[in-house]
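>>> Build me a structure from this.
(one chain, ligands or ions: 1)
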Amino acid sequence: MPMRTITASQVERATACHASMSLQAAHTSGAASERGITVHAFVAAALVIGREAALSDVPLDSSARALCEQIDIDMIRGLTGDDAEPKEELAMSFDPVTGIARELGKNIGRAYGDSSLIYGTGDIISHNKRFATVIDFKTGLSVAKAAVNWQMRTLAVMASRAYKVDQVRVALVYLKEGEDPYVDAHVFEAMDLDGDAAALSELHKRVSAVSLIQNPDVSPGSHCKYCPAAISCPANTKLVKALPSAVSFSEAINHLILDPKTELTLGQLGSAYEQLIRYRDVIDQMVDGIKNVAITYPVPLPNGKRLELVRSERDSIDADMAHDILPKGVADAAFELATSKAAIKRVFGKQSAEMLRKLRVAGAIKTTTTETVKEVR
Ligand code: SF4
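As a prediction, the model looks like this:
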């Protein structure tokens with residue numbers, strides 16, 4: 001199987017499961033949330049053209065507007081160093097044979113080249129004569145700490161080689177409504193960068209070798225999430241292919257328990273129980289395998305629905321803050337039972353959008369993001 005291009009965001013998985021870079025994959029659109037895209041674009045633009053100019057490009061009715069308004073651009077700028085010019089959405093490449101890295105350009109939309117190089121795009125990359133900085137913004141779920149995060153380590157290697165600096169400062173900046181940005185930063189020094197550059201070259205060599213094997217071994221684990229090869233991965237498909245024999249087993253157990261002419265001893269019940277528990281474990285593994293595929297590829301169901309990954313954001317309102325911010329009296333009734341958006345809409349009617357905006361800007365609304373694979377219409 002031809003090897004797919006390794007990108008910075010795939011290094012972690014490619015390291016854990018080399019076969020994931022060559023097993024057959026279907027095209028996927030990679031659904032980033034609208035809110036995340038808007039916030040990324042705003043921060044990147046604000047660093048270049050200034051906060052107010054960038055904010056004027058964010059529509060007033062955008063669900064990301066309140067979050068953009070609260071982001072401290074000066075704090076983020078402070079991470080890059082005064083004398084460094086930040087470049088947004090900068091794509092870079094790293095040659096695993098020569099160790100040479102270079103800039104490919106800004107906003108190229110992941111239009112990388114062939115698999116002989118490793119690629120990556122930083123939300124913000126800057127450098128001066130002493131060090132380079134790589135910043136990645138997160139508006140959803142948390143990722144591995146910056147110090148061990150392979151996406152950041154790969155981008156750090158690229159920046160160090162491209163700009164010929166011995167130190168790279170990386171920062172994962174978590175942006176959440178109602179909260180100050182949380183910065184997870186780490187500094188990679190020359191020895192770390194040399195080690196990671198060597199590891200990337202070795203990874204490329206191994207992945208390339210595995211791509212020549214017809215039925216490569218796979219290594220399932222937490223890294224399987226978003227794997228483009230999930231649809232053809234034997235770890236996901238082998239149990240499902242075994243379904244017919246599992247069903248026969250189920251029927252045999254059913255017969256044993258339900259046939260009224262059969263007199264069961266306690267011993268037989270015990271052994272049926274043990275077999276059923278084992279069978280349940282197999283079913284759980286099958287369901288997990290199918291759900292793992294559905295994370296990347298929505299699976300059509302015979303009932304007309306689809307099994308797919310659903311990201312949901314849940315807002316919760318801080319009751320004490322809301323009492324201080326909203327007009328007195330009228331809000332009390334709504335907050336007696338629960339501080340919910342529904343309660344605010346009930347009490348404030350047409351004014352509720354403005355009230356909710358005030359709460360967001362004041363940091364009284366906290367958003368929690370969750371991801372679940374479930375049936376949707
Ligand atoms: S889904 Fe399969 S191919 Fe992909 S990472 Fe997991 S084990 Fe490897």
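>>> Quickly find the element holding the closest residue in space to Ile108 that isn't next to it in sequence.
Nearest residue to Ile108 in three dimensions, chain neighbours excluded: Ala91, at 4.9 Å (Cβ to Cβ, 6 or more residues apart in numbering). Glycine gets a C-beta too; all of them are placed from N, C-alpha and C. According to DSSP states H and E, Ala91 maps onto strand 87-94.
>>> Check which helices and strands that strand sits against.
helix 34-49, strand 101-106, strand 118-127, helix 150-163 (3 or more Cβ pairs under 8 Å, 6 or more residues apart in numbering; DSSP states H and E).
>>> switch to 10 Å and redo it
helix 34-49, strand 101-106, strand 118-127, strand 132-138, helix 150-163, helix 190-210 (3 or more Cβ pairs under 10 Å, 6 or more residues apart in numbering; DSSP states H and E).
>>> quick one: Leu67 and Arg360 touch, right?
Yes - Leu67 lies in contact with Arg360 (Cβ atoms under 10 Å); the separation is 7.7 Å.
>>> Would you format the helices and strands packed on strand 87-94 as CSV with mean neighbour count included?
Below are those laid out as CSV (neighbours: other Cβ atoms under 10 Å):
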stretch, mean neighbour count
helix 34-49, 19
strand 101-106, 16
strand 118-127, 26
strand 132-138, 25
helix 150-163, 26
helix 190-210, 17
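>>> Can you lay out these as a markdown table showing mean pLDDT and distance to the ligand?
Listed next are the helices and strands packed on strand 87-94 as a markdown table, based on pLDDT from 0 to 100; distance: least, Cβ to the nearest ligand atom, whole Å:
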| stretch | mean pLDDT | distance to the ligand |
| --- | --- | --- |
| helix 34-49 | 82 | 24 |
| strand 101-106 | 94 | 26 |
| strand 118-127 | 93 | 18 |
| strand 132-138 | 92 | 22 |
| helix 150-163 | 98 | 14 |
| helix 190-210 | 97 | 11 |
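>>> Looking at those, which is nearest to Ala84?
strand 118-127 (3.8 Å; Cβ to Cβ).
>>> Now do the same contact list for the closest residue to the ligand within the stretch 251-377 of the chain.
Residue nearest to the ligand within the stretch 251-377 of the chain: Asn292 (6.1 Å; Cβ to the nearest ligand atom). When contacts are counted by Cβ atoms under 10 Å, 6 or more residues apart in numbering, Asn292 touches Pro220, Cys224, Lys225, Tyr226, Cys227, Ala230, Ile231, Cys233, Ala235, Asn236, Val373.
>>> Phi, psi for the second one please.
As for Cys224, its main-chain torsions (degrees, to the nearest 10) stand at phi -70, psi -20.
>>> For the residue nearest to it when sequence neighbours are not counted, what is the enclosing helix or strand?
Spatial nearest neighbour of Cys224, excluding adjacent residues (Cβ to Cβ, 6+ apart): Asn292 at 5.4 Å. Element membership for Asn292 (DSSP H and E) is helix 266-296.
>>> Which neighbouring elements make contact with the following helix or strand past that helix?
Heading C-terminal from helix 266-296, the first helix or strand you meet, by DSSP H and E, is strand 299-300. Using 3+ Cβ pairs under 10 Å, 6+ apart as the contact test, the elements touching strand 299-300 are helix 266-296, strand 306-317.
>>> Would you reformat those as TSV and include distance to Lys176?
Formatted as TSV, the helices and strands packed on strand 299-300 follow (distance: least, Cβ to Cβ, whole Å):
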stretch	distance to Lys176
helix 266-296	23
strand 306-317	10
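>>> ok so Val187 is a strand residue?
Yes - the assignment for Val187 is a strand, going by DSSP: H, G, I helix; E, B strand; the rest coil.
>>> Of all the helices and strands packed on strand 87-94, which one comes closest to Ile277?
helix 190-210 (36.4 Å).
>>> Dump the closest one to CSV, keeping only the CA atoms.
Extracted as CSV, the C-alpha positions of helix 190-210 are listed here (Å, rounded to 0.1, in the frame of the first residue of the first chain):
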residue,chain,number,x,y,z
ALA,A,190,19.0,22.0,21.1
MET,A,191,19.4,18.6,22.6
ASP,A,192,15.6,18.0,22.7
LEU,A,193,15.3,19.2,19.1
ASP,A,194,18.2,17.0,17.9
GLY,A,195,16.6,13.9,19.5
ASP,A,196,13.1,14.7,18.1
ALA,A,197,14.6,15.3,14.6
ALA,A,198,16.3,11.9,14.7
ALA,A,199,13.0,10.3,16.0
LEU,A,200,11.1,11.8,13.1
SER,A,201,13.6,10.5,10.5
GLU,A,202,13.4,7.1,12.1
LEU,A,203,9.6,7.2,12.1
HIS,A,204,9.5,8.1,8.4
LYS,A,205,11.9,5.2,7.6
ARG,A,206,9.8,2.6,9.6
VAL,A,207,6.4,3.8,8.3
SER,A,208,7.9,3.6,4.8
ALA,A,209,9.1,0.0,5.4
VAL,A,210,5.7,-1.1,6.9
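>>> neighbours of the residue of the stretch 1-150 of the chain found nearest the ligand, just the number please.
The nearest approach of the stretch 1-150 of the chain to the ligand comes at Cys17, 3.3 Å away (Cβ to the nearest ligand atom). Cys17 has 24 neighbours, counted by other Cβ atoms under 10 Å.
>>> Quick check: the gap between it and Val210.
Note on Cys17: its distance to Val210, by Cβ to Cβ, to the nearest Å, is 9 Å.
>>> shared neighbours of those two, which are they?
Leu23, Pro216, Asp217, Val218.
>>> restrict those to contacts with the ligand.
Leu23, Val218 (Cβ under 6 Å from any ligand atom).
>>> Please identify which two of the shared contacts of Cys17 and Val210 are farthest apart in space.
Longest span within the shared contacts of Cys17 and Val210, Cβ to Cβ: Leu23 and Asp217, 10.9 Å.
>>> what residues are shared contacts of those two?
With Cβ under 10 Å, 6+ apart, Leu23 and Asp217 have common neighbours Cys17, Val210, Pro234.
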